[in-house]
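Q: okay, structure incoming, though there's no sequence with it:
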């Protein structure tokens, strides 16, 4: 009588379909987040400052206000009036306390100071004490010790 040996094969099979789904979801998430951050930050020529404070990380309760040189106020990609800005700040303060809210003012270097000061007064009127003004560092080639244009 002849007995047959049963061959058993053990193997490990990896199903990569869920992995592909997760990777695509991550790609969509990061593309969306990068688009939202681009909408908040307008393309402005920021003023230069010799000294300033560089934040270690972006604060959690950050509210970005862009002010163009013609005085237009842009928040989240849409032009707003000063009264609309007051309402938006009021809604933000319903969700968090004034100590947890940081307003980042991004004004063009040719913006009138009166426009920036008006937004600062609105923030002060709402009890928001953390108002930051975005600036850039001056180029080393354009400093006071840099050589002038050739004569």
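A: Thanks, I have it. No experiment lies behind these values; they were computed from the predicted model shown. Numbers count the residues shown, from 1 in each chain.

Q: strands of this structure, residue ranges please.
A: Applying DSSP state E to the chain gives strands spanning 62-67, 73-75, 78-80, 102-107, 130-133.

Q: pipe the ones you listed into TSV and attach mean pLDDT, distance to residue 51 and mean neighbour count per row.
A: Quick note: C-beta positions are derived from backbone N, CA and C, even for glycine. TSV is the format used below for those (pLDDT from 0 to 100; distance: least, CB to CB, whole Å; neighbours: other CB atoms under 10 Å):
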stretch	mean pLDDT	distance to residue 51	mean neighbour count
strand 62-67	86	22	21
strand 73-75	87	27	19
strand 78-80	86	31	12
strand 102-107	87	18	21
strand 130-133	86	13	16
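
Q: for those, give me a markdown table that also has distance to residue 93.
A: Below are these laid out as a markdown table (distance: least, CB to CB, whole Å):
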| stretch | distance to residue 93 |
| --- | --- |
| strand 62-67 | 10 |
| strand 73-75 | 15 |
| strand 78-80 | 16 |
| strand 102-107 | 11 |
| strand 130-133 | 12 |
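
Q: what ranges in the protein fall below the confidence cut-off?
A: 1, 36-40, 42, 52, 55-60, 140-151 (pLDDT under 70).

Q: buried stuff in stretch 13-28?
A: Residues of stretch 13-28 include none that count as buried (16 or more other CB atoms under 10 Å).

Q: distance of residue 135 from residue 87?
A: Separation of residue 135 from residue 87 (CB to CB, to the nearest Å): 28 Å.

Q: higher neighbour count, these two?
A: Legend: neighbour count by other CB atoms under 10 Å for residue 135 and residue 87, higher for residue 135 (17 against 11).

Q: grab the nearest non-local neighbour of that one.
A: Distances taken as CB to CB, 6 or more residues apart in numbering place residue 49 nearest to residue 135, at 4.0 Å, with adjacent residues excluded.

Q: could you do residue 72 as well?
A: Spatial nearest neighbour of residue 72, excluding adjacent residues (CB to CB, 6+ apart): residue 79 at 5.4 Å.

Q: what of residue 48?
A: Residue 48 sits nearest to residue 138 (CB to CB, 6+ apart), 4.3 Å away.
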